[in-house]
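**Q** No letters, just coordinates:
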C-alpha cells in the first residue's frame with residue numbers, strides 16, 4: 001500500500017545506514033510525528049533464540065518508571081483478597097465463578113480483560129482454563145508476578161501500565177510499547193533502559209551466543225529506526 005506524503009517526507013530525513021542511540025531515535029520520532037493522535041512508541045527486538053527449543057523462550061515482567069501511557073483492564077481471581085482487589089479498582093474480581101465464565105466463553109481473555117492476576121491458592125482451579133489462557137500469554141505465573149498475594153500493589157501497577165509482561169513471538173522477536181510520543185525523550189529513554197536491562201537479564205541458561213541481535217524503535221504510524229546495541 002502506498003504511503004502518504006507526510007510519511008514519505010519523514011522517511012527522507014532518515015539516514016538508513018545509521019544506527020541511532022535510543023535518545024536520538026526518540027527525539028527524531030517526536031519531532032517528526034505523522035498522526036494527529038498521541039502515537040505509542042514501540043521497541044522491536046530480534047532475539048538470537050531457537051524458537052523450537054522450549055528452554056530458550058524469553059518471558060519476563062518489567063516495571064516502566066513512566067508507564068506505557070495506556071491503562072489495562074485487570075481481572076483478579078481470588079478467594080482471599082477480593083476486597084483488596086476492589087479497593088485497588090480491579091475491573092473484574094471473583095473466584096471460581098470467573099474460572100467458569102472463562103471456560104464457558106462468557107469471559108474472553110483479551111476482549112473482556114487485558115491481564116489476569118491470581119492469588120496462589122487459586123492456581124489449581126486455573127488449570128481448567130490453562131489451554132485458553134496459555135496460547136494468549138495470559139496464564140498467571142509467578143515468573144511474571146501475576147500470581148501474587150500482593151494484589152493491591154499488583155493491580156495498581158498493571159492497571160496504569162507501569163508493570164508489563166512480555167514474551168517472544170513465534171519468530172523469536174519481542175515487541176513492547178514503552179510510552180507515548182507525548183512523553184519527554186528523557187522519560188522514554190528511562191523506560192527503554194528499564195526494558196533493556198530486564199531483557200538482557202532474561203537470557204536463557206542453555207542459550208549460546210548473543211541474546212539481542214538487533215533493535216528498532218518506531219511510533220505507531222512512523223518509520224522504524226535502527227538502534228545501537
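**A** Sure, I can see it. Note that the coordinates shown come from a computational prediction; the quantities given were computed from them, not determined experimentally. Residues are numbered from 1 along each chain as shown.
**Q** how is this protein carved up into domains?
**A** 5-67+163-227, 74-159 (automatic domain parsing).
**Q** Output these as a markdown table; include the columns mean pLDDT.
**A** What follows is the domains of the chain, written out as a markdown table (pLDDT from 0 to 100):
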| stretch | mean pLDDT |
| --- | --- |
| domain 5-67+163-227 | 93 |
| domain 74-159 | 94 |
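**Q** Save those as TSV, and put in mean neighbour count too.
**A** C-beta coordinates here come from the backbone N, C-alpha and C atoms, glycine included. Shown next, in TSV, are those (neighbours: other Cβ atoms under 10 Å):
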stretch	mean neighbour count
domain 5-67+163-227	17
domain 74-159	18
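**Q** Run through who's touching stretch 120-134.
**A** 77-80, 95-96, 99, 102-103, 109, 116, 118, 139-140, 147-149 (Cβ atoms under 8 Å, 6 or more residues apart in numbering).
**Q** and those residues, which of them are in strands?
**A** Under the assignment DSSP state E, those contribute 77, 116, 118 to strands.
**Q** so which helix or strand takes in residue 44?
**A** strand 40-47 (DSSP states H and E).
**Q** what helices or strands is the next helix or strand after that strand leaning on?
**A** Counting by DSSP H and E, the next helix or strand C-terminal to strand 40-47 is strand 59-63. With contacts defined as 3 or more Cβ pairs under 8 Å, 6 or more residues apart in numbering; DSSP states H and E, strand 59-63 has these neighbours: strand 163-167, helix 185-201.
**Q** Run the chain-centre distance for the first one.
**A** The reference is to strand 163-167. 4 Å (Cα atoms, centre = their mean, to the nearest Å).
**Q** ok and the strand holding residue 44 relative to strand 163-167, angle-wise?
**A** Interaxial angle of strand 40-47 relative to strand 163-167 (axes from the mean of the first three to the mean of the last three Cα atoms, to 10 degrees): 40 degrees.
**Q** neighbouring strands for strand 40-47, and are they parallel or not?
**A** Strands that pair with strand 40-47, judged by DSSP bridges, come out as strand 173-180 (antiparallel), strand 212-219 (antiparallel).
**Q** Residues contacting it, please?
**A** With Cβ under 8 Å, 6+ apart, strand 40-47 has contacts from 26, 29, 58, 68-70, 168, 172-181, 183, 188, 192, 195, 199, 211-220, 224.
**Q** ok, now with 6 Å
**A** Residues from elsewhere that reach strand 40-47 (Cβ atoms under 6 Å, 6 or more residues apart in numbering): 168, 172-180, 188, 212-220.
**Q** now swap in stretch 157-167 and tell me
**A** 59, 61, 63-64, 67-68, 70-72, 74, 115, 137, 144, 174, 176.
**Q** Repeat that for stretch 10-22.
**A** 32, 34, 189, 192, 223, 225-228.
**Q** Stretch 94-112 too?
**A** 77, 79, 125, 128-129, 133, 136, 138.
**Q** change it to 8 Å
**A** 73, 75-79, 82, 92, 113, 116, 122, 125-126, 128-129, 132-133, 136, 138.
**Q** now the end-to-end length of it.
**A** One end of stretch 94-112 to the other measures 14 Å (Cα to Cα, to the nearest Å).
**Q** Now do the same contact list for residue 55.
**A** 204-206.
**Q** Would you check how far apart it and residue 121 are?
**A** 29 Å (Cβ to Cβ, to the nearest Å).
**Q** Can I get the strands paired with strand 40-47 in a markdown table including distance to residue 15?
**A** Below are these laid out as a markdown table (distance: least, Cβ to Cβ, whole Å):
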| stretch | distance to residue 15 |
| --- | --- |
| strand 173-180 | 23 |
| strand 212-219 | 14 |
